[in-house]
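Participant: Generate coordinates for the sequence data below:
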Amino acid sequence: MRLGLMTVPVAFFALFFAYPVASIVARGLKADGVWQWGRLADVLTEPGILDVLWFTTWQALASTGLTLLIALPGAYVFARFEFPGKQLLRAVVTVPFVLPTVVVGTAFLALLGRGGVLDETWGVRLDTTVWAILLAHVFFNYAVVVRTVGGLWSQLDPRQEEAARMLGASRLTAWRKVTLPALGPAVAAAALMVFLFTFTSFGIVQILGGPAYSTLEVEIYRQTAQLLALDTAAVLTLVQFAAVGAILAVHAWTVRRRESALKLVDAAHTARRPRGTGQWALLGGVLLTVVLLVLVPLGVLVERSLHTAGGYGLGYFRALTSADGGAFLVPPIEAIGNSLQYALAATAIALVIGALAAAALTRRAGRLVRGFDALLMLPLGVSAVTVGFGFLITLDKPPLDLRSSWILVPLAQALVGVPFVVRTMLPVLRAVDSRLREAAAVLGASPWRVWREVDLPLVRRALLIAAGFAFAVSLGEFGATVFIARPDNPTLPVAVATLLGRAGELNYGQAMALSTILMLVCAVSLLLLERIRTDRTTGEF
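Facilitator: I've put the predicted structure just below:
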């Protein structure tokens, strides 16, 4: 039964992930049928490549440390405090995580870049500096720490820490010896996920870093699309693949440790209103952080989309209905419809593949199943640029000649959506009492009917949440889509990046307008998810 459920997801990932990536690597490292492994040493000893590897690693470490420093107080506040607007604020801080990295880069460009708010007000520019990249990474990953650590923190019994204090331990000692060890796996899991996302950063570095800064993902794109140096791109892809594999292996270990080592309580019984000056000051500090870190960049994005040469108005939005600017073969407004259609198709694919995979993983098993679980997470870290370019050179012959087919973009987007579906549905499926399934089977129900009659009613809400996350991340996928979206059918992220790459106030304003539209669509999707979510700790995301 388990192997049957795994068949379709394994085939999907083998055909649309492993095959394109392996083909790109083979094309770069094979000459006359012979593998040129010597290119590994040649590429990895080039001074420019060593600089890229060093910057990729240290900026990811710096981004992770800065995110933990800023977000852990927020995780505590959301876990332990009750206050008006908490549900809305939880949704607000999660908006950046589901935004496309292109939009995140655009928002910080409007705040920190040339002609941005800081430049106009104080003459300060931070674009093309590492600080802009680090701040944007914190903005993007703040919710990862708040949700991963805060979700567990809210389920830790506070009476354990109180008992330690009654035995004479100070507040700090009690927290360090009781709470911190219990939170350790969750903090490690959050740190590893932040490191993964920042290690493979593309859109943010591409927009804010300029030519001075390049991560592995940006360098793979440059070597592939601009220099056509497939051998160098193949080596860098292997390096990134090895690094991501190691990160995911450690992440899987921390998740298993978190699942098995703790006795948790109902989160509804651990939160209370802040008490005393210190707790109210902490709540105020977190609210101020959210305003400055999340709301200000998003607000500046909206403001720039309305700030035309003739004053505030909808001029840039109206300009989206015309193709006169020459950046596209069609009016940029059509990118909205294209993105929605692609994202809906990608969501349907991700739900089918992800639901089958989650069902196969429901019962914990040995290394084979753990390896399958890690396989599902790989698209979050392995180069999307490589996947996109791999689509072009592999899916070009019958019976899989898909280069001119509209389905190519949703297939690439679904690869990113599947991990979110699995991570959202798996905890819920594992919580279903297996005796219910066994009773239905004893009464003669087929496996399909058991799923329909037992599992589906219990996981329906989780399925809707998974669909919402898959839709949001599919809507914003950029790394692969930039290669395979046709000029007459651009997606929103590709359209934003194209407009930002062209000079002129009109192109910049249209990019801001499209980014605002994309931000609003993602925000509405997330707010709807918060309304239907009943268990606030369900799922890892």
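Participant: Check which residues of the helix or strand containing Ala186 are buried.
Facilitator: Assigned by DSSP states H and E, Ala186 falls within helix 180-199. Neighbour-count burial for helix 180-199, counted by 16 or more other Cβ atoms under 10 Å, picks out 182-183, 185-199. All C-beta atoms are positioned from the backbone trio N, CA, C, and that covers glycine.
Participant: Same question for stretch 391-403.
Facilitator: Neighbour-count burial for stretch 391-403 [16+ other Cβ under 10 Å]: Phe391, Thr394, Leu395, Leu402.
Participant: Contacts for it, please.
Facilitator: The contact list for stretch 391-403 (Cβ atoms under 8 Å, 6 or more residues apart in numbering) reads 15-16, 19-20, 23-24, 27, 408, 411-412, 480, 483-484.
Participant: show me where pLDDT drops low in this protein?
Facilitator: 1-4, 251-252, 254-269, 324-328, 363-370, 431-433, 458, 530-541 (pLDDT under 70).
Participant: ok, longest helix in it?
Facilitator: helix 47-80 (DSSP state H).
Participant: Give the buried residues for the next helix or strand after that helix.
Facilitator: Remark: after helix 47-80, the chain's next helix or strand is helix 86-98, criterion DSSP H and E. Within helix 86-98, the residues scored as buried using 16+ other Cβ under 10 Å are Leu89, Arg90, Ala91, Val92, Val93, Thr94, Val95, Pro96, Phe97, Val98.
Participant: Report the distance from the helix or strand following helix 86-98 to the chain centre.
Facilitator: Next in sequence after helix 86-98, counting helices and strands by DSSP H and E, comes helix 101-112. Taking Cα atoms, centre = their mean, to the nearest Å, one finds helix 101-112 lying 16 Å from the centre of the chain it belongs to.
Participant: what is the orientation angle of helix 101-112 with helix 86-98?
Facilitator: 100 degrees (axes from the mean of the first three to the mean of the last three Cα atoms, to 10 degrees).
Participant: which stretches of the stretch 351-500 of the chain form helices?
Facilitator: Applying DSSP state H, counting those that start in this stretch to the stretch 351-500 of the chain gives helices spanning 367-377, 384-394, 408-431, 434-442, 447-450, 456-476, 481-484, 492-500.
Participant: so can I have CSV of these showing distance to Leu50?
Facilitator: Converted to CSV, these look like this (distance: least, Cβ to Cβ, whole Å):
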stretch, distance to Leu50
helix 367-377, 28
helix 384-394, 20
helix 408-431, 30
helix 434-442, 52
helix 447-450, 53
helix 456-476, 32
helix 481-484, 27
helix 492-500, 28
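Participant: To Asp42, which of these lies closest?
Facilitator: helix 384-394 (19.4 Å; Cβ to Cβ).
Participant: got the angle for the longest helix of the chain vs helix 86-98?
Facilitator: Going by the same axes, to 10 degrees, helix 47-80 makes 170 degrees with helix 86-98.
Participant: Please name every helix or strand in contact with helix 47-80.
Facilitator: helix 38-44, helix 86-98, helix 130-153, helix 180-199, helix 216-221, helix 230-261, helix 276-290 (3 or more Cβ pairs under 8 Å, 6 or more residues apart in numbering; DSSP states H and E).
Participant: Check the offset of it from the chain's centre.
Facilitator: With Cα atoms, centre = their mean, you get 15 Å for helix 47-80.
Participant: neighbours around Gln279, how many?
Facilitator: By other Cβ atoms under 10 Å, 16 other residues sit near Gln279.
Participant: returning to what we had before: out of the helices and strands packed on helix 47-80, which comes closest to Val387?
Facilitator: Comparing those under Cβ to Cβ, the one sitting nearest is helix 230-261, at 9.8 Å.
Participant: how close does Glu334 get to Leu320?
Facilitator: 9 Å (Cβ to Cβ, to the nearest Å).
Participant: more crowded one of these two?
Facilitator: Leu320 (22 against 18).
Participant: could you measure the more buried one against Pro297, distance?
Facilitator: 22 Å.
Participant: Tell me who's in contact with Gly468.
Facilitator: Ser525, Leu526, Leu528, Leu529.
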